[in-house]
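Trainee: Turn this into a model:
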Amino acid sequence: MHNPARILVVDDNPANVDILRMRLEAQGYDIKTASDGEEALSAVNEHQPDLILLDIMMPKLDGIEVCRRLRADPTVPLIPILLVTATSDSKDVVEAL
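Mentor: Numbers count the residues shown, from 1 in each chain. Take a look at the predicted model:
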């Protein structure tokens, strides 16, 4: 674990990224960002975050697929992932779980 804790924020909406970055940096966290699923996978390898805040609905690779790939990769440590979404579709929620 890094000190301060490093959080990777992954969202294709720049406004969401800015809000999360501002709030989390104000609490002393080290924030890294990615704007799509492919960038997220690269950022995980490069920055080794302590936590990932991952949007579900994104271009290229959605958050569910990013999560699947991270969990299937034995070289990536078990990093807590919080899936973030504006969807209320229960299918997405079930799939995320």
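Trainee: What is the burial count for residue 25?
Mentor: Look at residue 25: counted by other Cβ atoms under 10 Å, it has 13 neighbours. For glycine as for every other residue, the C-beta is placed from the backbone atoms N, C-alpha and C.
Trainee: Tell me the gap between the helix or strand containing it and the middle of its chain.
Mentor: Element membership of residue 25 [criterion: DSSP states H and E] is helix 14-26. In terms of Cα atoms, centre = their mean, to the nearest Å, the centre of helix 14-26 is found 13 Å from the chain centre.
Trainee: And for that helix, what's in contact with it?
Mentor: Outside helix 14-26, the residues that touch it by Cβ atoms under 8 Å, 6 or more residues apart in numbering are 7, 9, 11, 31, 33, 35, 53, 55, 84.
Trainee: Can you select the buried ones among those for me in ChimeraX?
Mentor: Burial among the contacts of helix 14-26 is assessed by 16 or more other Cβ atoms under 10 Å; the matching ChimeraX selection reads:
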select :7,9,11,31,33,35,53,55,84
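Trainee: contacting residues for the spatially most central residue of the chain?
Mentor: By Cα atoms, centre = their mean, the chain has its centre lying nearest to residue 54, at 2.9 Å. Contacts for residue 54 (Cβ under 8 Å, 6+ apart) come out as 10, 40, 63, 66, 67, 81, 82, 83, 84.
Trainee: Now tabulate those residues in TSV and tack on pLDDT and secondary structure.
Mentor: Shown next, in TSV, are the contacts of residue 54 (pLDDT from 0 to 100; DSSP: H, G, I helix; E, B strand; the rest coil):
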residue	pLDDT	secondary structure
10	97	strand
40	97	helix
63	92	helix
66	95	helix
67	93	helix
81	95	strand
82	93	strand
83	89	strand
84	85	strand
